[in-house]
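my questions concern the predicted model and sequence given below.
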Amino acid sequence: MRLNVIDQSPIREGGTASEAIHESVKLAQITEKLGYKRYWVAEHHASQGLACSAPEILISAIAGSTQKIRVGSGGIMLLHYSPMKVAEQFQTLQILYQNRIDLGLGRAIGGHQKIASRLSFDRELIPLESYETMICELLDYFKETKSNLASRNEIVVQPVTEIFPAVWMLGSSNESAFVAAKYGLSFCFAEFLNPLSGAEILKIYRENFKPSVFNVEPQVAVALSALCADSQSSAERIASSRYCWQFRKGKIPSIDDAEKFQYSDAEIDYVNYLKTVDVLGSADDVGQKLRARAERYAVDEFFLLTTTYNFADRIRSYELIAEEFQLSNAVINEHLI
């Protein structure tokens, strides 16, 4: 099983965005040594609790601080940006970091509409219907790089590279799966956004997949919420910060503050629901749940999203899961081959 990290750079109560960004770089270094294969950073804007607003810059910092782990976006909110500029950025990253770059794309706007309009040069929201057109333009730049030809407007996107970044679609809907399939892109299903529909959505992707210069056959991964601790009760206590944050917003609250939070009956029901769908528990519990997910989805690659108040708890979670799946042994074996 291939295990990866997806990171939103959470900001703890009493902490700063600067600390969160530096912790992302440190966590990438740690998880690389543990044997994780990919490290993706998210894109969110004007969030009090998440510091990851410029993934292309954070990718460069992380790739420059690591050696082998693939680094990417999970994902770039393409509706905000020029496809040509995104192609230029990621081809530059690909050259700088020796073909270790993943370009993960998202259909969402990464914040509410007021923020989205501020990100647009003309302050007008680009309709979601334009997304597929923008995808086509972006992919055309990469295809032309592959063949070393000028684009439709006799524009060559520089820097030209022989190998373009791996292009993924990160999504939680039928529409995202269909677009990824139509253009032959890899697809990462965001279970942490839609825990119940994964099998159906992945079926849509596989059944509609068309081979392309990006992939000859479907390539699938699943991104999910995961937290591992020494016991189920410890994991649930650590996770209480994230559950409280779902309702309190702001920065990630401490465990003590989360345990004092006054939930409504409906909120208690929702937290109990999250406990059933999250990959949460001891190493053995998490191992069983991930293996069950692998069977359910017919996949062998997962991205783990772990949000905690204490950075040490986040590190420990990734350590325990790496031990459960013997990821470090896989790293040693790679060096021996």
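In hand now; what should we look at?

so where's the protein shaky on pLDDT?
Low-confidence regions of the chain, defined by pLDDT under 70, span residues 109-112, 121-128, 144-154, 329-337.

residue nearest the centroid of it?
Nearest to the geometric centre of the chain sits Gly74, at 3.4 Å (C-alpha atoms, centre = their mean).

for the closest residue to that one other than its chain neighbours, helix, strand, or coil?
Sequence neighbours aside, Trp40 is the residue nearest to Gly74 in space, at 3.4 Å (criterion: C-beta to C-beta, 6 or more residues apart in numbering). Every residue, glycine included, has its C-beta placed from N, CA and C. Of the three states, Trp40 takes strand under DSSP: H, G, I helix; E, B strand; the rest coil.

report the contact partners of Trp40.
4-7, 71-75, 102, 104, 303 (C-beta atoms under 8 Å, 6 or more residues apart in numbering).

would you mind measuring from Met24 to Ala17?
To be clear, residue 24 is Ser; Met isn't right here. According to C-beta to C-beta, to the nearest Å, Ser24 and Ala17 sit 11 Å apart.

cool, Ser317 as well?
Distance from Ser317 to Ala17, by C-beta to C-beta: 22 Å.

which one's more surrounded, those two?
Neighbours per residue (other C-beta atoms under 10 Å) separate Ser317 from Ala17, with Ser317 holding more: 23 against 17.

element containing that one, please.
Taking DSSP states H and E as the criterion, the element that holds Ser317 is helix 311-324.

next: Val71.
Going by DSSP H and E, Val71 is in strand 70-73.

listing partners with orientation, what would you give for that strand?
If you go by DSSP bridges, strand 70-73 pairs up with strand 38-41 (parallel), strand 101-106 (parallel).

got those as CSV, with distance to Leu290 columns?
Formatted as CSV, those follow (distance: least, C-beta to C-beta, whole Å):
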stretch, distance to Leu290
strand 38-41, 16
strand 101-106, 21
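
contacts only, for Met169.
Met169 sits in contact with 75, 104-106, 176-177, 179-180, 185-188, where contact means C-beta under 8 Å, 6+ apart.

let me know the secondary structure of it.
Met169 falls in the strand class when you classify it by three-state DSSP.

report all helices and strands that the strand ranked longest in the chain contacts.
Longest strand in the chain, counting residues (DSSP state E): strand 220-228. Here strand 220-228 touches strand 2-7, strand 186-190, helix 198-208, helix 232-248, strand 279-281, helix 283-297, strand 301-305, helix 311-324, going by 3 or more C-beta pairs under 8 Å, 6 or more residues apart in numbering; DSSP states H and E.

which residues touch the first one?
The set of residues external to strand 2-7 that reach it, using C-beta under 8 Å, 6+ apart, is 24, 27-28, 31, 35-42, 52, 74, 221, 223, 300-306, 318, 321-322, 325, 327.

just the buried residues of these.
For these, a neighbour count by 16 or more other C-beta atoms under 10 Å gives the buried set as 24, 27-28, 31, 35-42, 52, 74, 221, 223, 301-306, 318, 321-322, 325, 327.

neighbouring strands - and their directions - for whatever helix or strand comes next after the strand holding Val71?
Following strand 70-73 in sequence order, the next helix or strand is strand 76-77 (DSSP H and E). The strands beside strand 76-77 in its sheet (DSSP bridges) come out as strand 101-106 (parallel).

need the helices and strands packed on strand 220-228 in a markdown table with distance to Glu132, can you?
Listed next are these as a markdown table, based on distance: least, C-beta to C-beta, whole Å:
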| stretch | distance to Glu132 |
| --- | --- |
| strand 2-7 | 24 |
| strand 186-190 | 15 |
| helix 198-208 | 14 |
| helix 232-248 | 31 |
| strand 279-281 | 32 |
| helix 283-297 | 25 |
| strand 301-305 | 24 |
| helix 311-324 | 36 |
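
centre of the chain versus the host helix or strand of Leu139, how much separation?
Taking DSSP H and E as the criterion, Leu139 maps to helix 131-147. Computed by C-alpha atoms, centre = their mean, to the nearest Å, the chain-centroid distance of helix 131-147 equals 22 Å.

sorry, back to before: need the residues touching each of Ser24 and Ala17.
Counting by C-beta under 8 Å, 6+ apart, the residues touching both Ser24 and Ala17 are 9, 51.

tell me what the helix holding Leu139 is packed against?
Helix 131-147 is packed against helix 83-96, helix 174-182, with contacts defined by 3+ C-beta pairs under 8 Å, 6+ apart.

buried sites along the shortest one?
Within helix 174-182, the residues that count as buried by 16+ other C-beta under 10 Å are 176-182.

and for the longest one?
Buried residues in helix 83-96, counted by 16+ other C-beta under 10 Å: 83-84, 86-87, 89-94.

what angle separates that helix from helix 131-147?
Between helix 83-96 and helix 131-147, the angle comes out at 40 degrees (axes from the mean of the first three to the mean of the last three C-alpha atoms, to 10 degrees).

regarding the spatially closest residue to Phe214 that is not a sequence neighbour, which helix or strand does it belong to?
Excluding its sequence neighbours, the residue lying closest to Phe214 (C-beta to C-beta, 6+ apart) is Gly184, at 5.0 Å. For Gly184, there is no host helix or strand (DSSP H and E).

run a quick neighbour tally on Gly184.
Gly184 has 19 neighbouring residues, counting by other C-beta under 10 Å.

done for today, thanks.
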